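# got a predicted structure plus its sequence, pasted below:
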Amino acid sequence: MENPPDNLCVTRCPNQRCCKQLSGLMLTRDEYETLFKSHEENLLVKQSDDIYVITPRDGAACPHLFQDGCAVYPDRPLDCRLYPYMMTGVARNGDRLKVFLKGSLRCPLAVALMPEAEARALVTEFWRKAAGEGMDIIVRPESELVYQLRSWIRALTR
């Protein structure tokens, strides 16, 4: 299994923890059915409309991650291509969708992997596929502090 040369994570990152600590990966219906449905016995899966959110059971790594890299790298889900950014929240109000986007502070290659403008375009593409062309999609950056606060509040309300 060969990873393309543009996969900086494999060639230049010593940790490669991102796929080993996969949690809350957002997928469109097509991505889920094509790449993860056959692994669902090893995944915690939450579905809302046409969005699937998956987390490997027992803190396992992504089922497509092997010693020599990602088995589906050229066809990996949009949320994986988005890294070092992640979608941290979604708020829908009628035909308006607000998506919160946070950059990773842990990734040593963040600047080399993707500029924020490209991340915003990928998020818009994801939600156009998932929610439809008629949706007004707004992508907002989220600071680490706000992300931690929202995570803490979510944990308290569970």
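Good, I have the coordinates.
# for burial, what's the neighbour tally of residue 34?
Other residues lying near residue 34 total 14 when counted by other CB atoms under 10 Å. Where you see a C-beta, it was placed from the backbone N, CA and C, and this is true even at glycine.
# quick one: secondary structure of it?
Secondary structure assignment for residue 34 (DSSP: H, G, I helix; E, B strand; the rest coil): helix.
# how close does it sit to residue 22?
For residue 34, the distance to residue 22 equals 17 Å [CB to CB, to the nearest Å].
# same question, residue 74
Counting by CB to CB, the gap from residue 74 to residue 22 is 18 Å.
# so which of those two has more stuff around it?
residue 22 (21 against 9).
# sec struct for the closest residue in space to that one that isn't next to it in sequence, please.
In space, and not counting its chain neighbours, residue 22 is closest to residue 62: 4.5 Å by CB to CB, 6 or more residues apart in numbering. Secondary structure, three-state DSSP: residue 62 is coil.
# before we move on, what about residue 133?
Quick answer, by three-state DSSP: residue 133 is coil.
# pull the number of nearby residues for it.
Residue 133 has 6 nearby residues by other CB under 10 Å.
# go on, the one 10 residues further on?
By the other CB under 10 Å criterion, the neighbourhood of residue 143 contains 11 residues.
# just the pLDDT for it.
We have a pLDDT of 78 for residue 143.
# residue 17 too?
pLDDT for residue 17: 61.
# tell me the contacts of residue 45?
Residues in contact with residue 45, defined by CB atoms under 8 Å, 6 or more residues apart in numbering, are 32, 36, 52-54.
# farthest-separated two in these?
Greatest spacing in these, by CB to CB: 36 and 53 (10.9 Å).
# the more surrounded of those two?
residue 36 (22 against 18).
# and the pLDDT at residue 57?
Per-residue confidence (pLDDT) for residue 57: 89.
# that one and residue 39, how far apart?
Computed as CB to CB, the residue 57 to residue 39 distance reads 10 Å.
# more neighbours: which of the two?
The residue with more neighbours, out of residue 57 and residue 39, is residue 39; 14 against 9, by other CB under 10 Å.
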